[in-house]
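Enquirer: Here is a sequence with its predicted model. Questions after.
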Amino acid sequence: MDKLFLNTRKILKSRVTLVFVSFLLLCSILVSVLVIALESEHECSGDDCPICACIHQCEKCISLLSSGCVSFFAFANCNTLRTLLVKAAEKVFSHTTPITQKVRLND
Ligand SMILES: [Zn+2]
């Protein structure tokens, strides 16, 4: 098979996986927030309340996922900043030569 086709297929597969995982993370956070909001004023039965345990698990889930999201966005911003710096450096330090302009030098 064509190498370009395989690379394109691999990129598409990784993007679909990324969107799917992002959707799952978003759903997990939304469901956790919804459970906490709906059960925040329940009639608590005491220390062994199953609803309080569920709320506590949802809080842990939100805390864990939000710290992961912050790390992801910090990493993404670092990559974006690095890309912008490289492009700026290319513009500053590049200069035109006959080779870059593809000028044929005949005798
Ligand atoms: Zn309770």
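Expert: Sure, I can see it.
Enquirer: Okay, residue 11 and residue 24: tell me how far apart.
Expert: Look at residue 11 and residue 24: by C-beta to C-beta, to the nearest Å, they are 21 Å apart. Placement of C-beta: from N, CA and C, glycine included.
Enquirer: Same question for residue 101.
Expert: 50 Å.
Enquirer: before we move on, what about residue 42?
Expert: Distance of residue 42 to residue 24, computed by C-beta to C-beta: 27 Å.
Enquirer: between these two, which one's more packed in?
Expert: Per other C-beta atoms under 10 Å, whichever of residue 42 and residue 24 has more neighbours is residue 42, with 13 against 10.
Enquirer: which SS class is the more buried one?
Expert: coil (DSSP: H, G, I helix; E, B strand; the rest coil).
Enquirer: Nearest spatial neighbour of it, chain-adjacent residues omitted?
Expert: Once flanking residues are discounted, residue 42 sits nearest to residue 51: 4.9 Å by C-beta to C-beta, 6 or more residues apart in numbering.
Enquirer: Centre of the chain to stretch 16-29, how far?
Expert: 10 Å (C-alpha atoms, centre = their mean, to the nearest Å).
Enquirer: ditto for stretch 44-55
Expert: The answer for stretch 44-55 is 34 Å, by C-alpha atoms, centre = their mean.
Enquirer: swap in stretch 44-59?
Expert: Using C-alpha atoms, centre = their mean, the offset of stretch 44-59 from its chain centre is 31 Å.
Enquirer: Quick check: which ranges of the chain have low pLDDT?
Expert: By pLDDT under 70, the low-scoring segments of the chain are 1.
Enquirer: For it, which helix extends over the most residues?
Expert: helix 50-93 (DSSP state H).
Enquirer: So which residues on this protein come close to the ion?
Expert: By the rule C-beta under 5 Å from the ion, the part of the chain lying against the ion is 44, 49, 51, 52.
Enquirer: picking that back up, count of neighbours near the residue nearest to residue 42?
Expert: 15.
Enquirer: thought it was touching residue 38?
Expert: No - counting by C-beta atoms under 8 Å, residue 51 stays clear of residue 38, with 9.9 Å between them.
Enquirer: can you list the residues that contact stretch 81-95?
Expert: With contacts defined as C-beta atoms under 8 Å, 6 or more residues apart in numbering, stretch 81-95 is touched by residue 100.
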